[in-house]
Every structure is written in structure tokens, then in C-alpha cells.
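>>> Coordinates for the following, if possible.
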Amino acid sequence: METFSSPETPSVPEKKIRLVEIFQEIANATPASTAEEANKIVAAAFQKIESFYNIPDRAKMVSYPFGICSRMKHKEHEIRYDVYNRHTVFYRENGSIDIRQINASDFPNERILAEKPEHFKENLQLIFEKPGADGKRVWE
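Numbers count the residues shown, from 1 in each chain. All right, here's what the predicted structure looks like:
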């Protein structure tokens, strides 16, 4: 049986293509002034792109609410972060965003997070970053 997509229902690209579109949405947003505002920008971008393609809830890529982000210190800054299967999202209090690719088996435990937060900057591949409203990045 042949199927056709209607103009109202766009074909669904692979996750990595949708992720690029999500990053474009985040990049085009006005820079955030706080970590919580940055989290809202990220969540809105995921929601917009995944909803556009009518992705079922069980298959949607999502951003977790800010309240459940873990915390760590880097230099004198508080950094909030969310760990996902293949990436970690970092938010600094100035609204900057840093997304790094990980392998779940390689992710450091909480002790390493507390003792060596620079591990992320040095060992995880940067896949997206956006400065905060003050122009500074997460690890500056």
C-alpha cells in the first residue's frame, strides 16, 4: 500500500536533523539573563520542533524542568546541568548554555562532578554553546 504525506503533515526527519533545528531555534533566541531563562529557551525550542513534526510523546526529545537540574560550582559560578542519554546541558547563572555529547557509560559519577567540574570542558565534545546576555560562556 502506497502512503502519501499531506502538506499539513511534514515528513519526520531523523533525530540528529531535528536536533540541528532545535539548536538553530536556541541560537536565534534572545540571549538569556539567568540560568532558568536559558532552560526555558531550550525547552521551548524542543517543544516547537518536536510539535511541528507531530512526534508522539513517547518518542519526543524533551528538556527537563529547571527545578530538577543538578548543581555544581565552577570557579565562583553556579552551574546547573541536566544529564541525558547522549548529551549534557549546562546552564550558568548568566544565562549561557553549553551542550556536550557524552556516552552514558563514560559519564562521571557525582563525586567527580563535585571535585572536577572542568572534566566537562576538557573531556566531553562540545556540540552547542550560546553566551548569556552578558556575552560570557558557561566555562568562562
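>>> As a check, name the ranges of all strands in this structure.
70-74, 77-83, 87-92, 97-101, 125-130 (DSSP state E).
>>> nearest to Ala35, of those?
strand 87-92 (3.9 Å; CB to CB). Heads up, the C-betas are built off the backbone N, CA and C, glycines and all.
>>> Sheet partners, orientation included, of that closest one?
According to DSSP bridges, strand 87-92 has the following sheet partners: strand 77-83 (antiparallel), strand 97-101 (antiparallel).
>>> and the ones you listed, which is most packed in?
strand 97-101 (a mean of 21; mean count of other CB atoms under 10 Å).
>>> now it against strand 125-130, angle please.
Interaxial angle of strand 97-101 relative to strand 125-130 (axes from the mean of the first three to the mean of the last three CA atoms, to 10 degrees): 160 degrees.
>>> give me every residue that touches Ile26.
41-42, 45, 97, 128, 130 (CB atoms under 8 Å, 6 or more residues apart in numbering).
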